[in-house]
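Novice: using only what follows, build the 3D model:
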Amino acid sequence: MAASSARKALLALVAVAAILAGVLVYGVSTDRTGWSPKLALDLEGGTQMVLSPTLQGDDAGQEISQEQLDQAVEIIRQRVDGAGVSEAEITTQSGRNIVVSMPGVPSSETRDLIQTSAQMAFRPVITTGAGAAVPEDQRTDPKSIPEPDAKPTNSSDPNWVTRELYAEYEALDCTKGQSQEERAAQPQDKAVVACDTQGGSENSTKFILGPVEIPGTEISDASYAQATNSQGHATGGFAVNLQFDEQGTKTFKELSERLYSLGQSSQGDPRSQFAIVLDGSVISAPSMNSVITDGKAQITGNFTEDEAKFLSQQLKYGALPVSFSIDSEQQVSATLGSDQLRMGIVAGLIGLALVCIYSLFQYRWLGLVTIASLVVAGVLTYLAITLLGWGANYRLSLAGVAGLVVAIGQTADSFIVYFERIRDEIRAGRTIPAAVDHGWQRARQTVLASKAVNLLAAVVLYFVAVGNVRGFAFTLGLTAIADLLVVFLFTHPVMVLLARTRYFGSGAKNSGLDPEALDAVPLYRGAGRLRDPSENDGLTIAERRRRAARETAAGDGTASSSAHSDPQEAQR
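Specialist: Just a heads-up that it's a prediction; the model follows:
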């Protein structure tokens with residue numbers, strides 16, 4: 001690496017650190033985050049909620065099974081950790097209730113997301129109207145409503161609407177909302193009435209919905225992103241992206257064909273809509289604008305980013321066959337507290353001090369590069385953890401602190417591998433600038449392989465573990481990435497620049513690169529002369545030997561020519 005390239009790498013690192021620091025300063029100045037990382041339940045304390053599950057639909061009134069309870073625990077854990085690594089504790093109590101302990105005070109959105117867990121379903125819309133109940137004196141006489149004269153042919157067929165169902169629809173007052181019992185009593189194989197999630201609002205809407213067409217279990221993924229038009233340009237709004245599994249793709253294709261056809265034949269027909277129903281309430285009722293054959297649907301509307309994010313989480317984790325009520329909620333104190341956090345930080349500082357002492361003892365003044373690299377890695381990791389706490393709800397637990405302590409040794413390993421390769425090259429006879437370049441080429445592969453193993457272990461541990469172990473895996477992977485950035489953008493560029501200084505480039509005593517201290521063997525240069533490795537000619541042992549041989553041969557040839565050029569002089 002040339003000196004100019006080394007300076008560019010250092011500038012790139014400075015730019016990365018400046019951007020991270022700038023974002024953090026912005027977050028603190030706008031009161032969106034603090035200077036310190038967020039702490040997990042074991043270090044900060046938080047909120048404990050006891051949830052009571054209730055089976056829905058055909059299983060209403062039955063006892064919840066252990067399998068259903070385990071499924072509920074897993075999906076609630078995904079919901080709580082859906083935006084990051086908050087390290088909440090989700091457990092069962094007495095084989096009946098679910099206890100959710102999470103750090104800090106949960107937001108109203110998080111609390112609603114947990115409590116509204118239910119079985120999600122897609123139902124076609126048959127008719128829709130304003131949410132208020134029709135005044136009794138204006139309601140349709142049930143006797144004047146004709147009974148269906150045929151069996152429904154599909155879930156969008158108006159023949160699902162009976163006299164009783166239509167009378168229930170007119171009497172429904174969505175401005176007051178439906179009770180949990182009313183919402184839980186909706187059969188899957190019949191038409192039902194439902195309110196949207198704005199129940200209790202004057203802007204609410206009520207629906208008559210056909211039977212369930214697609215259960216929520218057939219949604220394989222959901223996400224949100226900025227909405228784009230047909231030309232691919234951002235419209236400024238947000239959209240929710242849906243991905244169905246194989247069975248859901250097939251069913252949704254048939255549903256989209258039917259609803260799109262209804263919309264084309266009659267503009268404004270409510271039957272071109274399908275309702276996404278969660279816990280008996282309609283969370284969205286988009287119209288079908290095209291036939292979707294690949295199972296990838298996009299829901300657009302006047303969504304804000306928060307609304308799109310919340311809807312995508314509801315869709316992604318909504319396939320839960322039970323609903324919940326919060327029986328109790330209380331604040332809990334930290335299980336470990338500030339003393340354990342202080343001891344963890346002390347342990348990290350002791351480990352860092354030992355690494356620094358070893359580096360100075362083993363590498364003399366070169367050990368300062370190791371210390372500086374560890375400081376840079378620490379600053380980048382601190383900024384990343386603090387920003388992740390703001391943007392991804394990451395919380396640092398004692399297990400995460402342990403991961404940071406372990407990372408100190410793993411980070412130092414990278415520098416040791418690099419420095420030892422440089423020393424090996426010096427022992428082999430290379431000059432110090434050449435040893436830095438050649439040592440980096442060989443050490444780079446080792447460092448990359450080592451960090452790839454660390455990252456692989458962290459990723460596997462993160463996905464197979466839960467709770468605090470995931471926090472340990474997360475910090476382990478994060479520090480491995482920070483280590484790579486530091487080695488490539490700081491340690492190696494600094495070594496390139498130091499190798500071109502008089503003190504380090506000449507291998508001065510106590511520099512850590514002294515050829516004499518490294519027992520580098522002097523090289524034969526011919527004519528009884530020895531070359532010291534500290535001489536800066538940039539050649540390897542083999543190259544110098546070949547050059548010495550050429551010089552010797554050239555010297556012998558000159559002497560021979562002189563000996564035979566004047567025979568008479570030679571005889572005298």
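Novice: number of nearby residues for Gln138?
Specialist: By other Cβ atoms under 10 Å, the residues close to Gln138 number 7. C-beta here means a position set from N, CA and C on the backbone, and glycine is covered the same way.
Novice: any idea how far Tyr260 is from it?
Specialist: 34 Å (Cβ to Cβ, to the nearest Å).
Novice: same question for Lys296.
Specialist: For Lys296, the distance to Tyr260 (Cβ to Cβ) stands at 15 Å.
Novice: with neighbour numbers in mind, choose between those two.
Specialist: Set side by side, Lys296 and Tyr260 show more neighbours around Tyr260, with 17 against 13, by other Cβ under 10 Å.
Novice: in what helix or strand does the more buried one lie?
Specialist: Element membership of Tyr260 [criterion: DSSP states H and E] is helix 246-265.
Novice: ok, now Arg550?
Specialist: helix 541-564.
Novice: first to last residue in stretch 188-206, what's the distance?
Specialist: This stretch, stretch 188-206, spans 18 Å end to end (Cα to Cα, to the nearest Å).
Novice: buried ones in that stretch?
Specialist: Ala191, Val192, Val193, Ala194, Cys195, Asp196, Thr197, Gln198, Gly199, Ser204, Thr205, Lys206 (16 or more other Cβ atoms under 10 Å).
Novice: what is the mean pLDDT for stretch 448-455?
Specialist: The average pLDDT for stretch 448-455 rounds to 90.
Novice: could I have the CA atoms of it written out in CSV?
Specialist: The C-alpha trace of stretch 448-455 is given here as CSV (Å, rounded to 0.1, in the frame of the first residue of the first chain):
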residue,chain,number,x,y,z
LEU,A,448,-10.3,-12.6,7.3
ALA,A,449,-10.6,-16.3,8.0
SER,A,450,-10.5,-15.8,11.7
LYS,A,451,-13.2,-13.1,11.7
ALA,A,452,-15.3,-15.1,9.3
VAL,A,453,-15.3,-18.0,11.9
ASN,A,454,-16.2,-15.5,14.6
LEU,A,455,-19.1,-14.0,12.6
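Novice: so what touches it?
Specialist: Gln410, Asp413, Ser414, Val417, Leu476, Gly477, Ala480, Ile481, Asp483, Leu484 (Cβ atoms under 8 Å, 6 or more residues apart in numbering).
Novice: make TSV out of those residues and add secondary structure, distance to Glu329 and pLDDT.
Specialist: Below are the contacts of stretch 448-455 laid out as TSV (DSSP: H, G, I helix; E, B strand; the rest coil; distance: Cβ to Cβ, whole Å; pLDDT from 0 to 100):
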residue	secondary structure	distance to Glu329	pLDDT
Gln410	helix	41	82
Asp413	helix	46	85
Ser414	helix	47	87
Val417	helix	52	90
Leu476	helix	34	89
Gly477	helix	34	90
Ala480	helix	39	90
Ile481	helix	38	92
Asp483	helix	42	91
Leu484	helix	43	92
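Novice: which of those are buried? Put it as a ChimeraX command.
Specialist: Applied in ChimeraX, the following selects the buried portion of these according to 16+ other Cβ under 10 Å:
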select :413,414,417,476,477,480,481,483,484
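Novice: and the contacts of stretch 448-455, which is closest to Ser333?
Specialist: Set against Ser333, the nearest of the contacts of stretch 448-455 by Cβ to Cβ is Leu476 (28.1 Å).
Novice: rewinding a little: residues of the helix holding Tyr260 that come out buried?
Specialist: In helix 246-265, counting by 16+ other Cβ under 10 Å, buried: Gly248, Thr249, Thr251, Phe252, Lys253, Leu255, Ser256, Arg258, Leu259, Tyr260, Leu262, Gly263.
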